[in-house]
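*Asks:* sequence first, predicted model second:
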Amino acid sequence: MSDEKFDIPEQFASPAVPALLTEDSVIQFKCYKGISCFNACCKHADVTLAPYDVLRLQKRLGMNSEQFLSQHTVPFQLDADGTPGIKLRTDNDGACLFLDGDNGCSVYEDRPTVCRYYPVALLNMREKDTYEAKQQYSLVREDHCKGHQEPREITLRDYRKEQGVEEFDELNRSWYELILKKKSGGPGVGKPNEMSLQLFFMASFNFDMLRRFVMSGNFKATYDLPEETYAEVAEDDVALMKLGNRLMRQALFGEKTIPEKSGAWEKRVEERKEVWEARAKAEIEAKNARTEEQMRADTTGEGCSGN
């Protein structure tokens, strides 16, 4: 560990025991219906969502992106630059909206990554000289949780399989790495502009809007992607999410993850130039009109005062 430098995103911090664990580490824990603390963690929910979490829940609920985001999430900032993130919405007492009384989680098969891992904290760490996410873990101990007192020992490798987190980790890894790169890049990365932040939110969480964007004529005129890719993202949510990750890398870090058509940049600049010139002309005309109107009003006022 002495040659490694880790950078843990603050938004994924938790009340975790400091010791880092690996997949070979053994924990003592068991949760089941009937344990005295059953559902206690769901009554104190603070669940940060990653992109694949959103896809699974949205599909489970049969909602479009706008419906899911407005009804089941609350926004927050991942960092000081205002990078947008979302958490699961809770009721006024802090309980998860998916808690179904004594029956437990009503979306259990599609529950988010944070819920699957509990009481383990997933720590996506950056090793020195790389932005690849290295997964390590830490144990969360909270007073309300009695699962630590259960007489069962299990390796984290087996616990991850038991909780079905492997698929979630694999599909969210690129997004974790993107956040780590932004956080660790320092001044060289710079603060994203408002348009980049809006694209980040769309590509991370609003998949219906993202699909409309990448299937638009303007997008197709700009980026050089095969028709097979468009056919795939039109139907496959995971393929769409992966394309969104490529877009974010291009927008935030200038990585050429998606090839542009020859002359597309020059064409966009020319089109924007025409728009800027038209706006400037309209603003000048509007300003001149306001000046003339003010002059007429002043002249009329002087005439009235003279009488």
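*Replies:* Sure, I can see it.

*Asks:* residue 136 belongs to a strand?
*Replies:* Yes - counting by DSSP: H, G, I helix; E, B strand; the rest coil, residue 136 falls inside a strand.

*Asks:* for it, list the residues it contacts.
*Replies:* Contacts for residue 136 (C-beta atoms under 8 Å, 6 or more residues apart in numbering) come out as 6, 20-22, 123, 125. C-betas here are computed from N, CA, C, even on glycine.

*Asks:* count of neighbours near residue 103?
*Replies:* The tally of other residues near residue 103 (other C-beta atoms under 10 Å) stands at 10.

*Asks:* err, residue 193, not the other one
*Replies:* 10.

*Asks:* what bits of the stretch 201-307 of the chain have low per-residue confidence?
*Replies:* Within the stretch 201-307 of the chain, the stretches with pLDDT under 70 are 264-279, 281, 300-307.

*Asks:* all helices for it, in order.
*Replies:* 207-214, 217-222, 227-235, 237-253, 264-306 (DSSP state H, counting those that start in this stretch).

*Asks:* closest to residue 33 out of these?
*Replies:* Nearest to residue 33, of all the helices of the stretch 201-307 of the chain, is helix 237-253, at 31.1 Å by C-beta to C-beta.

*Asks:* which residues touch the residue lying closest to residue 49 once chain neighbours are set aside?
*Replies:* In this structure, residue 49 finds its nearest non-sequential neighbour in residue 86, 5.2 Å apart by C-beta to C-beta, 6 or more residues apart in numbering. Contacts for residue 86 (C-beta under 8 Å, 6+ apart) come out as 48-49, 54, 69, 73-76, 205.

*Asks:* for stretch 157-168, the distance to its chain's centre please.
*Replies:* 22 Å (C-alpha atoms, centre = their mean, to the nearest Å).

*Asks:* who's in contact with residue 248?
*Replies:* 178, 199-200, 203-204.

*Asks:* tell me the two of those that are most distant?
*Replies:* 178 and 199 (12.1 Å).

*Asks:* relative to residue 162, how far out is the residue sitting nearest the centre point of the chain?
*Replies:* Centroid-nearest residue in the chain: residue 204, 4.2 Å away (criterion: C-alpha atoms, centre = their mean). Distance, residue 204 to residue 162, by C-beta to C-beta, to the nearest Å: 28 Å.

*Asks:* same check, this time on residue 192
*Replies:* Following C-beta to C-beta, the distance that separates residue 192 from residue 162 is 38 Å.

*Asks:* pick out whichever of the two has more residues nearby.
*Replies:* When residue 192 and residue 162 are compared for neighbours, residue 192 comes out ahead with 19 against 10, by other C-beta under 10 Å.

*Asks:* so which of the contacts of residue 136 are in strands?
*Replies:* 123, 125 (DSSP state E).

*Asks:* of the contacts of residue 136, buried ones?
*Replies:* Buried by 16 or more other C-beta atoms under 10 Å: 21, 123, 125, out of the contacts of residue 136.

*Asks:* follow-up on the earlier one: and the residue nearest to residue 49, that's in a strand?
*Replies:* Yes - applying three-state DSSP, one finds residue 86 inside a strand.
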